[in-house]
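K.L.:
fold the following, please.
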Amino acid sequence: MKTILVPIDLASSAEHTLAYANKLAVRWPAEVVLLHCHHGDEFTAEAGEKLEQQLRTLAERLRYQQLTRQDGRRIRYHYRVLSGCLHDHVQAEAARCAADLVVMSLDYIDCGRVEAAGNHAATITGLVACPVLVVPPGRRSLPTRVAFSADFSTLDLNVLPKTSALGGAFPAQLQLVQFYAPSHRPERARLKRALEKAASQLTWPDITTHLVEDEDALEGISDFCSRTQTQLLIIAPTSSATLLRFFDVCYAKTQSYHTQIPVLVIQQNEQKPTTACCARCAQQALREAQAALVLGAHI
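P.N.:
Numbers count the residues shown, from 1 in each chain. This is a model prediction of the structure:
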């Protein structure tokens with residue numbers, strides 16, 4: 001059973017987020033779990049019941065305003081109201097309902113703190129094992145053009161099955177995009193092989209590959225999405241710092257294209273440095289290598 005976990009802060013953008021999740025739930029199909037985390041005054045049972053009723057009212061209104069009666073009846077909703085902050089509960093809640101996808105607003109407000117758009121979403125992405133779909137404000141249809149940007153030469157292998165699993169929800173044209181800097185032109189053949197290998201392992205109905213030269217991959221993907229009128233962007237950042245840069249406030253202020261469309265984040269394991277972490281470790285590694293050489297000479 002597929003499950004979509006939708007954190008709802010009951011702000012104005014929450015309606016657009018749930019509307020998008022509803023469309024996914026019908027197409028996939030999937031159940032929807034609405035999660036509201038209340039931060040502020042002392043939390044009582046009565047307050048919890050009122051908040052759950054607000055979630056039910058929102059879900060029922062959108063069910064019949066947005067969808068046909070047949071599709072609206074098909075969605076099964078579950079409601080969860082908890083005291084505290086989303087980042088304290090989302091990991092356990094995603095595990096509890098076996099969420100296949102988290103859908104949340106780009107402007108989600110967590111713990112009553114208003115931050116730069118995407119910052120709270122970046123935090124949540126690092127806490128859950130499933131992909132996180134970040135939806136900007138505004139009503140939109142499900143995508144017909146999807147772009148997946150990553151360094152496919154170093155891509156974590158667990159990302160590809162997660163991406164394929166979402167093919168049913170987004171049965172659109174998928175464009176795999178590999179960027180490389182001008183200084184890496186001699187590696188074009190290797191990068192192209194990695195790109196084609198990734199495409200062969202994805203069970204998506206329609207895939208095209210693109211090898212694009214650009215000094216800055218983030219600037220490049222925004223331009224690429226704008227040029228191709230991409231309606232959903234998939235990224236696989238290798239660190240929380242990379243993800244935070246993606247949602248940097250400067251891109252929101254300039255209304256960069258990638259901040260105006262839904263972004264699906266599939267988290268990779270953080271890449272570990274290949275160099276020694278300190279001088280002591282380096283010296284220890286050197287001693288072990290020398291000992292191995294001496295041992296080998298006496299065998």
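K.L.:
can you pull out the helices in the chain?
P.N.:
Counting by DSSP state H, one finds helices in the chain at the ranges 14-27, 45-66, 69-74, 86-96, 119-125, 159-165, 188-201, 217-228, 240-246, 249-253, 279-298.
K.L.:
to residue 111, which of these lies closest?
P.N.:
helix 86-96 (7.4 Å; CB to CB). Quick note: C-beta positions are derived from backbone N, CA and C, even for glycine.
K.L.:
quick check: buried residues in that closest one?
P.N.:
Applying a neighbour-count criterion of 16 or more other CB atoms under 10 Å, the buried positions in helix 86-96 are 86, 87, 89, 90, 93, 94.
K.L.:
contacts only, for residue 129.
P.N.:
Remark: with contacts taken as CB atoms under 8 Å, 6 or more residues apart in numbering, residue 129 is in contact with 94, 95, 267.
K.L.:
which one of these sits closest to residue 251?
P.N.:
residue 267 (20.0 Å).
K.L.:
how far does stretch 72-91 stretch from one end to the other?
P.N.:
28 Å (CA to CA, to the nearest Å).
K.L.:
in that stretch, what counts as buried?
P.N.:
The neighbour-count criterion (16+ other CB under 10 Å) identifies 72, 75, 77, 79-83, 85-87, 89-90 as the buried residues of stretch 72-91.
K.L.:
for these, give me TSV that also has pLDDT.
P.N.:
Converted to TSV, the buried residues of stretch 72-91 look like this (pLDDT from 0 to 100):
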residue	pLDDT
72	80
75	92
77	96
79	97
80	97
81	96
82	95
83	94
85	94
86	96
87	95
89	96
90	97
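K.L.:
for residue 231, see how far away the nearest residue to residue 14 once chain neighbours are set aside is.
P.N.:
Nearest-residue entry for residue 14: residue 8, 4.9 Å, with adjacent residues in sequence omitted and distances by CB to CB, 6 or more residues apart in numbering. Residue 8 sits 23 Å away from residue 231 when distances are taken as CB to CB, to the nearest Å.
K.L.:
rewinding a little: would you turn the buried residues of stretch 72-91 into TSV with distance to residue 183?
P.N.:
Written out in TSV, the entries for the buried residues of stretch 72-91 read as follows (distance: CB to CB, whole Å):
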residue	distance to residue 183
72	54
75	50
77	52
79	53
80	50
81	53
82	50
83	52
85	43
86	41
87	39
89	45
90	40
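K.L.:
residue 119: which of the contacts of residue 129 is nearest?
P.N.:
Residue 119 lies nearest to residue 267 out of the contacts of residue 129, by CB to CB, at 15.9 Å.
K.L.:
per-residue pLDDT of the closest one, please?
P.N.:
Looking at residue 267, its pLDDT is 86.
K.L.:
next, the contact list for residue 4, please.
P.N.:
21, 24-25, 28, 30-33, 99-103.
K.L.:
which stretches of the chain have low pLDDT?
P.N.:
Filtered on pLDDT under 70, the chain yields the residue ranges 1, 269-299.
K.L.:
geometric centre of it: which residue is closest?
P.N.:
residue 265 (1.7 Å; CA atoms, centre = their mean).
K.L.:
quick one: contacts for that residue?
P.N.:
The contact partners of residue 265, by CB under 8 Å, 6+ apart, come to 121, 125, 131, 132, 133, 134, 235, 236, 237, 243.
K.L.:
quick check: beta-bridge partners of it?
P.N.:
residue 132, residue 235 (DSSP bridges).
K.L.:
from residue 103, how far out is it?
P.N.:
Noted for residue 265: a distance of 11 Å to residue 103, by CB to CB.
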